[in-house]
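> Kindly generate the corresponding structure for this input.
(one chain, ligands or ions: 1)
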Amino acid sequence: MIRFENVSKVYTRGARPALDGVDVEIERGEFVFLVGASGSGKSTFLRLIMREERPTAGTVYALGRDVGRISRWKVPHLRRQIGTVFQDFRLLQDKSVFDNVAIAMQVIGKPRHQVRTYVPQVLKMVGLEGKERRLPTELSGGEAQRVAIARAFVNRPQVLLADEPTGNLDPDNSIGIMSVLDQINRQGTTVVMATHNNAIVDQMRKRVIELVDGVLVRDQSRGVYGAGR
Ligand SMILES: Nc1ncnc2c1ncn2[C@@H]1O[C@H](COP(=O)(O)OP(=O)(O)OP(=O)(O)O)[C@@H](O)[C@H]1O
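The predicted structure follows:
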């Protein structure tokens, strides 16, 4: 599903690599935490998968393709199959909850009857039934992140990448968000989540990949945040 083969990423010539010789494989249907200190390369790892960056050396495969080499015009097609969620939600502030999610379907040309059917279904799944007409300013942080997840998932991507999705949330809301991500994973979507949230990682007992200064130092199934360190 996702494979890094000896991947390095150097943003600025002469600077320390953001990723340094990373080799790892993530299978279809897995749930993986990516942990490490600030600046250890977690966001870079995710950006390489969605082709926001290209590797300086090595190869990144996602969904059967060499992501660094697909032509520019095929990048949108790749991204359709990869949902993304960020710490800061990134909602359209002047659009309702419903419209924030509907847009993800409309931009890829899904017919209106499908939008009317699937948007309420996915909003229900994330626990926002009855809040379709609210604006983002009328939501709590936890609710806003649920909208962002609904938007990322409504087209049923094969992969969901989440960069610090609980970073702005209190512990209760974080647990709620993790339960939604877990449900999504149980429906078959591969989830890769970068996080500093040790309580969440310790509680979920999923695979943990740890980066230190761009080097993969640990890959543990059913791991915890700071094993053996
Ligand atoms: N666009 C960029 N240009 C230059 N350097 C960058 C760029 N993006 C990231 N870096 C550098 O690459 C390294 C890894 O950054 P990255 O954002 O991947 O780390 P991270 O683990 O996601 O950090 P955080 O937890 O703070 O988000 C850092 O040293 C960072 O300063």
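> If you count neighbours, what's buried in stretch 42-54?
Residues of stretch 42-54 classed as buried: 42-51, 53 (neighbour count, 16 or more other Cβ atoms under 10 Å). Just so you know, the C-beta spots here come from the backbone N, C-alpha and C atoms, and that holds for glycine as well.
> Now do the same contact list for Thr189.
Contacts for Thr189 were tallied using Cβ atoms under 8 Å, 6 or more residues apart in numbering; they are 29, 83, 153, 156-160.
> could I get the residues you listed as TSV with distance to the ligand?
Shown next, in TSV, are the contacts of Thr189 (distance: Cβ to the nearest ligand atom, whole Å):
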residue	distance to the ligand
Gly29	24
Gly83	18
Phe153	22
Arg156	27
Pro157	21
Gln158	23
Val159	18
Leu160	17
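> Kindly supply the ChimeraX command isolating those of those residues that are buried.
Selecting only the buried entries of the contacts of Thr189 in ChimeraX, with 16+ other Cβ under 10 Å as the criterion:
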select :83,153,157,158,159,160
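> The contacts of Thr189 in strands, which ones?
Secondary structure from DSSP state E places 83, 159-160 of the contacts of Thr189 in strands.
> Can you verify Val180 is assigned to a helix?
Yes - counting by DSSP: H, G, I helix; E, B strand; the rest coil, Val180 is located in a helix.
> for stretch 79-93, what is the average pLDDT?
Summarised as a single mean, pLDDT over stretch 79-93 is 94.
> What are the buried residues along that stretch?
Residues of stretch 79-93 classed as buried: 82-87, 89, 91 (neighbour count, 16+ other Cβ under 10 Å).
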